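In: I would like to see how this sequence folds:
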Amino acid sequence: MLQTHIRLWNWGYLWRVSRTPWGDASELRERMLRPGPGHAPEDVARNQRERLLAAAVVAFSERGYDATPVAELLKLSGISRTTFYEHFPGGKRDCLLAAVDAATEAAVSTVGHAATGAGDDWADQVAAGFGALGLAVVDQPAAAHVCLIDVYAAGAAGLDHAEQGTDRFAWLLTEALGRSAERAAVPPAVSSGVVGGIRALLEFKVGGGEAATLPDAMPELRDWALSYRNPPAPLRRPRTRPPAPGTARLVVHDHVDRIFGAVAAGVDAKGYPALALDDIVRGASASLTTFYQHFDNKEQAFLAAYDSAVAQADAAATPPFRWTKSWPQAVRAALEAYLSFWAAEPLWARIAMVDVLTVGAAALEHRRRALGLFEEILAPGVELQPGLGPNVVTAIGGGVHHLIREQIRRRGPEHLLQILPAATFLALAPFTGPDEAIAVANKGAPRSSSNTARRASGTRRGRRP
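Out: Predicted coordinates for the structure are as follows:
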């Protein structure tokens, strides 16, 4: 009986994996529309493109982007190489990004339709939207994997498309909150952090093989999102000056640390995908023998360097948290120290918050462990609100990292302390309520005009991405 159950479960999983937003990938050749009488050219072109997108989603999710040749997409879809490049002149990367955009749009449409079909009550619409998102990930595991994991293999372009997808869902959440009088004035940066945190949790669940738990987790995430209410004052730009670059200075003790430094310099110069082992050993003034005494490959060296940088950032944030008596103030002090560390180490900030995404699935568990600081600083809040558990803590940490990553990419690491108020409010409001959270977030910030404060809080509400 157990073996029969396992076989049925495996069959069901494989059936779901072959499912895509454009139909079952196992039937792509049968769905072929041949050019000629009876088939309009635009219908044939759309049929070809959808078959290629379906093949890409299944192949990339199963084999990984780098390990999937164009020939595999042609085999699955029944499309010729010439036709493939007519649709995607940039080759495999263009195909990946097109698949991500189309699958994201399909998911946004699914969530939006579920919300609008839930009646006139905005709370019911939010609940339906969250439920539909969790089910969509389970129902379309291949598309979810490509959108959440494989997209980063496209480098900076992949990051841009991932952010655009996050912005689409942030717009949906902002629109929903705007229909609640108690939540219509939640700062846009906070809404962006909430959606960024949900995305981070989805990445960890999908990449870690835990996607099946998402439908049960969505009500908790919904309650967390709705726990943010209008603050009594706008977020204000902090008075704190950014630290000078290099003042944190990651410690360099020996040849292992020199390897870490060479990894960082190489990734900064060439990007992780193009970084070669020769670049590392040459930059570290080390031999291949020395490198292989410690690491098996560049991926292992990168992740070790990443872990070291995160550990030192945590070490900078932990003392202020433990030495501050008031818990809300301690959270702000920890976040200020954390942001200051990364602002003082701009090279490592980019590597730890941006470049690590391009390492792909191998970095997922390391990224998840990097949120351990938030487990410590938010533990007293979980005692106050036990309904907000580990998933919410992970999402808050992921949301803060999302705000950090956006600031690095848009303005540079030297401006990281400007997001301190938004990060503080994001971390505290679910546990303390908006009044205390905004008071702590704006500690020491000068009062400013509403327009200036609105610009410091994030993008204007209501602009659709």
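
In: distance of the residue positioned nearest the centre of the chain from Leu148?
Out: Closest to where the C-alpha atoms of the chain average out (C-alpha atoms, centre = their mean) is Ala200, at 4.4 Å. Between Ala200 and Leu148 the distance is 9 Å, computed by C-beta to C-beta, to the nearest Å. Bear in mind the C-beta positions are built from the backbone N, C-alpha and C, glycine included.

In: again, but for Tyr338
Out: Taking C-beta to C-beta, one finds Tyr338 at 25 Å from Leu148.

In: ditto for Pro41
Out: With C-beta to C-beta as the criterion, Pro41 and Leu148 are 35 Å apart.

In: burial measure for the residue nearest to His415 when sequence neighbours are not counted, as a count.
Out: Using C-beta to C-beta, 6 or more residues apart in numbering and skipping residues adjacent in sequence, the residue nearest His415 is Gln407, 6.0 Å away. Neighbourhood size, Gln407 [other C-beta atoms under 10 Å]: 25.

In: quick one, what contacts Gln407?
Out: 413, 415-416, 418-419 (C-beta atoms under 8 Å, 6 or more residues apart in numbering).

In: change it to 10 Å
Out: Residues near Gln407 by C-beta atoms under 10 Å, 6 or more residues apart in numbering: 189, 339, 342-343, 349, 353, 413-419, 422-423.

In: With respect to Gly158, which of those residues is nearest?
Out: Met353 (15.1 Å; C-beta to C-beta).

In: circling back: of the contacts of Gln407, which belong to helices?
Out: If you go by DSSP state H, the contacts of Gln407 have 189, 339, 342-343, 349, 353, 422-423 in helices.

In: Need those residues in CSV (columns: distance to Ala25).
Out: Output for those, formatted as CSV (distance: C-beta to C-beta, whole Å):
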residue, distance to Ala25
Ala189, 39
Leu339, 44
Trp342, 41
Ala343, 46
Ala349, 40
Met353, 34
Ala422, 41
Ala423, 41
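
In: among the residues you listed, which ones are buried?
Out: Using 16 or more other C-beta atoms under 10 Å as the burial test, the ones in helices among the contacts of Gln407 include 189, 339, 342-343, 349, 353, 422-423 as buried.

In: Break this structure into its domains for me.
Out: 19-184, 234-447 (automatic domain parsing).

In: can I get those in TSV with mean pLDDT and distance to Gly207?
Out: Output for the domains of the chain, formatted as TSV (pLDDT from 0 to 100; distance: least, C-beta to C-beta, whole Å):
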stretch	mean pLDDT	distance to Gly207
domain 19-184	89	5
domain 234-447	91	4
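
In: nearest to Arg222, of the ones you listed?
Out: Between the domains of the chain, domain 19-184 lies closest to Arg222; by C-beta to C-beta that is 4.1 Å.

In: Tell me which of Pro41 and Leu148 has more neighbours.
Out: The neighbour count for Pro41 versus Leu148, taken as other C-beta under 10 Å, is higher for Leu148 (24 against 9).

In: Excluding chain neighbours, give the residue nearest to that one in space.
Out: Glu203 (4.7 Å).

In: pretty sure that neighbour contacts Gly398?
Out: Yes. With contact defined as C-beta atoms under 10 Å, Glu203 reaches Gly398; the gap is 8.0 Å.

In: Identify the contacts common to these two.
Out: 367-368.

In: Buried ones in stretch 136-149, by neighbour count?
Out: Buried residues in stretch 136-149, counted by 16+ other C-beta under 10 Å: 136-137, 140-149.

In: Which of these fall in helices?
Out: 136-137, 141-148.

In: need those in JSON lines with distance to Trp171, can you?
Out: Shown next, in JSON lines, are these (distance: C-beta to C-beta, whole Å):
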{"residue": "Ala136", "distance to Trp171": "17"}
{"residue": "Val137", "distance to Trp171": "19"}
{"residue": "Pro141", "distance to Trp171": "25"}
{"residue": "Ala142", "distance to Trp171": "25"}
{"residue": "Ala143", "distance to Trp171": "20"}
{"residue": "Ala144", "distance to Trp171": "20"}
{"residue": "His145", "distance to Trp171": "24"}
{"residue": "Val146", "distance to Trp171": "22"}
{"residue": "Cys147", "distance to Trp171": "17"}
{"residue": "Leu148", "distance to Trp171": "19"}
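
In: Quickly name whichever of those is closest to Pro89.
Out: The closest of those, once distances to Pro89 are taken by C-beta to C-beta, is Val146, at 20.4 Å.

In: any idea how far that closest one is from Ala344?
Out: When Val146 is compared with Ala344 (using C-beta to C-beta), they lie 36 Å apart.

In: same deal with Leu426?
Out: With C-beta to C-beta as the criterion, Leu426 and Ala344 are 22 Å apart.

In: Please say which of the two ends up with more neighbours.
Out: Using other C-beta under 10 Å as the criterion, Leu426 and Ala344 rank with Leu426 on top: 30 against 22.

In: show me what contacts the closest residue in space to the more buried one that isn't next to it in sequence?
Out: Closest residue to Leu426 apart from its sequence neighbours, by C-beta to C-beta, 6+ apart: Gly193 at 4.4 Å. Gly193 is in contact with 170, 187, 228, 395-396, 398-404, 406, 419, 422-423, 425-427, 458, counting by C-beta under 10 Å, 6+ apart.

In: Return a ChimeraX selection command for the buried portion of those.
Out: Entered in ChimeraX, the line below selects the buried ones among the contacts of Gly193, by 16+ other C-beta under 10 Å:
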select :170,187,228,395,396,398,399,400,401,402,403,404,406,419,422,423,425,426,427,458
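
In: Okay, and which of the contacts of Gly193 map to strands?
Out: If you go by DSSP state E, the contacts of Gly193 have nothing in strands.

In: The residue nearest to the centre of the chain contacts Ile404, doesn't it?
Out: No. At 11.7 Å, Ala200 and Ile404 do not qualify as touching, with contact defined as C-beta under 10 Å.

In: all helices of the stretch 101-250 of the chain, in order?
Out: Counting by DSSP state H, counting those that start in this stretch, the stretch 101-250 of the chain has helices at residues 122-139, 141-148, 155-178, 188-207, 214-226.

In: Let's see the fourth one as CSV, backbone CA atoms only.
Out: Output in CSV follows, covering the C-alpha atoms of helix 188-207 (Å, rounded to 0.1, in the frame of the first residue of the first chain):
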residue,chain,number,x,y,z
PRO,A,188,5.0,52.2,-0.2
ALA,A,189,8.5,51.2,0.8
VAL,A,190,6.9,49.0,3.5
SER,A,191,4.5,47.4,1.1
SER,A,192,7.5,46.7,-1.2
GLY,A,193,9.3,45.1,1.7
VAL,A,194,6.3,42.9,2.5
VAL,A,195,6.1,41.6,-1.1
GLY,A,196,9.9,41.2,-1.2
GLY,A,197,9.8,39.2,2.0
ILE,A,198,7.0,37.0,0.6
ARG,A,199,9.1,36.4,-2.5
ALA,A,200,12.1,35.5,-0.4
LEU,A,201,10.0,32.9,1.5
LEU,A,202,8.7,31.5,-1.8
GLU,A,203,12.2,31.2,-3.1
PHE,A,204,13.3,29.3,0.0
LYS,A,205,10.3,27.0,0.0
VAL,A,206,10.4,26.2,-3.7
GLY,A,207,14.2,25.9,-3.8
